[in-house]
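1. The following comprises the amino acid sequence and a computationally predicted model.
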Amino acid sequence: MGFANNYAVLMVGRFVAGLGVGYALMIAPVYAAEVAPTSSRVLLGYLSNYAFAKFSLKLGWRLMLGVGAVPSVFLGLAVFIMPESPRWLVMQGRLGDAKKVLDKTSDSLEEAQLRLADIKEAAGLPEDCHDDVVEVPKTDRGGGGVWGDLLIHPTRPVLHIVIAALGLQFLQQASGIDAVVMYSPRIYEEAGITSDSKKLLATIAVGVCKTVFILVTTFFVDRIGRRVLCYSRVRRLRSCRSSRCHRVTVIDR
């Protein structure tokens, strides 16, 4: 995208980047949840954009888009030294390798043993199975029938989970928050902030708020649960809409 010489090339780059983001949003959280013990990049993007704003318009936007390749290169190289998913290793019958990964990535050996026991139970392996290489039933390997259980003949709890998951993702985008973030400098300009540096600083403030509450969520998600955090988010959105309607009514009057 940084080297795009016309609109079409830029859009092709956006399409490819979208595929990468989709893979990352699906794979990275699952991998992190499996590998990370139970016991962080948004703000950096806003700060880098503020720095690149000092360059000329012709060069600045190319650097803003092209710099995204830098962390991708590091991640691509890090893949070669990252441990394999312990769940995938167990599904392949490599119980010994899975145990080694869990021993390295858990806070304690007791935690590693508990996580391994959960994975073995999900894979249909007996708890007293301690061989390094085992035979895993084929029916548990491929995930066959999962789409049917999710979409064709789901149970009531599964149906509720699917609706909630798809609904949250759809409504998050349909709310227009990406458009607000993308055009935030123009919004600030309409609000009376005319200096380019001040508009970018205001955008950085948004990034700071995001980062702070991402950290808050990270520390509290396992303590109070995801549903409570999700409910609090819905209540904040409702209160924002109510207060906005009240202000509009007062202005109209």
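-> Sure, I can see it.

2. Run a quick neighbour tally on residue 69.
-> For residue 69, the neighbour count with other CB atoms under 10 Å is 13. Heads up, the C-betas are built off the backbone N, CA and C, glycines and all.

3. Chain neighbours aside, what residue packs nearest to it?
-> residue 2 (7.5 Å; CB to CB, 6 or more residues apart in numbering).

4. Am I right that that neighbour is in a helix?
-> No: counting by DSSP: H, G, I helix; E, B strand; the rest coil, residue 2 is not found in a helix; it is coil.

5. Contacts only, for it.
-> 62-63, 65-67, 69 (CB atoms under 8 Å, 6 or more residues apart in numbering).

6. Low-confidence stretches in the protein?
-> By pLDDT under 70, the weakly predicted segments of the chain are 33-50, 53, 57, 138-145, 233-253.

7. so residue 63 touches residue 69, yeah?
-> No: taking contacts as CB atoms under 8 Å, residue 63 lies outside contact range of residue 69: 10.9 Å.

8. Can I get the contacts of residue 2 in JSON lines including secondary structure and distance to residue 100?
-> What follows is these, written out as JSON lines (DSSP: H, G, I helix; E, B strand; the rest coil; distance: CB to CB, whole Å):
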{"residue": "62", "secondary structure": "helix", "distance to residue 100": "44"}
{"residue": "63", "secondary structure": "helix", "distance to residue 100": "42"}
{"residue": "65", "secondary structure": "helix", "distance to residue 100": "40"}
{"residue": "66", "secondary structure": "helix", "distance to residue 100": "39"}
{"residue": "67", "secondary structure": "coil", "distance to residue 100": "36"}
{"residue": "69", "secondary structure": "helix", "distance to residue 100": "33"}
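
9. Let me see the residues that make contact with the helix or strand residue 120 falls within.
-> Residue 120 belongs to helix 109-123 when assigned by DSSP states H and E. By CB under 8 Å, 6+ apart, the list of residues contacting helix 109-123 from outside reads 37-38, 86-87, 90-91, 95, 98-99, 102-103, 105-106, 126-127, 129, 136, 140.

10. Name the residues of it that are buried.
-> Neighbour counts over helix 109-123 (16 or more other CB atoms under 10 Å) mark 111-112, 115-116, 119-120, 123 as buried.

11. separation between residue 111 and residue 91?
-> 21 Å (CB to CB, to the nearest Å).

12. Nothing else from me, thank you.
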